[in-house]
Structure formats: structure tokens, C-alpha cells
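Participant: Predicted model follows, preceded by the sequence.
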Amino acid sequence: MGNAMNSKVDDTPHLLRQRDQFVPRGLVTAHPLVIDRAQGAELWDVDGKRYLDFVGGIGVLNIGHNHPKVVAAVQAQLQKVSHACFQVVAYKPYLDLAQRLCEMIGGNEACKAAFFTSGAEAVENAVKIARLTPIVLR
């Protein structure tokens with residue numbers, strides 16, 4: 001399939017058929033678009049059509065797509081370590097973020113922080129933490 005720069009063939013119908021064939025229907029996609037790139041609050045589909053992104057990754061992109069400072073931070077981290085599971089080995093950015101959050105939220109009180117990738121993972125770990133944490137009576 002071609003792209004919008006050198007072809008009059010729309011890639012979207014082909015890719016939506018590919019989605020229907022290989023992705024379960026239970027995983028709903030709200031719009032019949034296949035995005036190729038994004039910048040700030042704008043998205044471009046695989047056919048070169050431009051859209052305004054009013055959703056921002058369901059709220060996780062409050063500074064827009066590909067903000068230069070975020071891209072620079074990601075590139076710097078990828079040059080060090082692309083992925084480390086904290087449950088296997090600790091790494092400094094995790095520790096620094098936990099400390100920063102605890103100091104902001106906890107003030108002078110003892111505080112701890114943990115980070116997870118989904119609500120289900122957070123709930124599962126909250127139960128584990130609660131079971132292993134002694135109750136402190138004041």
C-alpha cells in the first residue's frame with residue numbers, strides 16, 4: 001500500500017480490514033482512523049489527513065504529542081536503559097520519582113510510593129502491600 005505522498009490509494013480501508021482480521025472486536029476503537037504521526041494537538045492518518053486531537057491519549061498527553069522536552073528525556077533514558085522491571089532491579093529515576101512524590105504528598109509524614117502501568121496492576125499490588133504492611137495504631 002502506498003502513502004499519501006506518492007499514491008492515490010487510501011491505506012485506511014486496507015488497515016481497517018487488517019484490524020478486523022487480527023484484532024478482537026471486544027477491543028473497541030472509537031474512530032475508523034489509523035494514525036501515522038502526531039505533533040502537539042494534531043494527528044495525521046495514514047492517508048495524510050490532519051485531525052485535531054481533542055482526547056490526548058485519554059488525558060495522558062496534557063502537553064501534546066512529541067513535546068521536545070519529553071522527546072529529549074526519552075532519548076536520554078533510552079541511551080542508558082530502555083526497560084528495567086523494578087521488581088527485578090532498582091533504577092535511579094524510579095527512586096528519584098518516588099522520593100519527589102513522597103516529599104510533595106507526605107510532607108513531614110512518612111510516605112512511600114509505587115508505580116504501575118494499569119489500574120488492575122495497581123489494585124493487585126495495593127492488596128499485596130496492604131497484606132504485608134503492619135497496621136500502625138496512633
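Facilitator: That came through fine. Residues are numbered from 1 along each chain as shown.
Participant: Pop out the phi and psi values for Glu45.
Facilitator: Small correction: residue 45 is Asp, not Glu. phi -80, psi 180 (degrees, to the nearest 10).
Participant: An error on my part: the question was meant for Asn125.
Facilitator: The phi/psi pair for Asn125 (degrees, to the nearest 10) reads phi -70, psi -30.
Participant: Look up how far Gln18 lies from it.
Facilitator: In this view, Asn125 and Gln18 are 35 Å apart by Cβ to Cβ, to the nearest Å. C-beta here means a position set from N, CA and C on the backbone, and glycine is covered the same way.
Participant: do the same with Arg100
Facilitator: Counting by Cβ to Cβ - Arg100 and Gln18 are separated by 42 Å.
Participant: now do Val88
Facilitator: Going from Val88 to Gln18 by Cβ to Cβ gives 35 Å.
Participant: Comparing those two, which shows the higher neighbour count?
Facilitator: Shown here are Val88 and Gln18; by other Cβ atoms under 10 Å, Gln18 has more neighbours (13 against 7).
Participant: check which helix or strand covers the more buried one.
Facilitator: Using DSSP states H and E, Gln18 maps to helix 12-22.
Participant: For that helix, buried residues please.
Facilitator: Neighbour-count burial for helix 12-22, counted by 16 or more other Cβ atoms under 10 Å, picks out Leu15.
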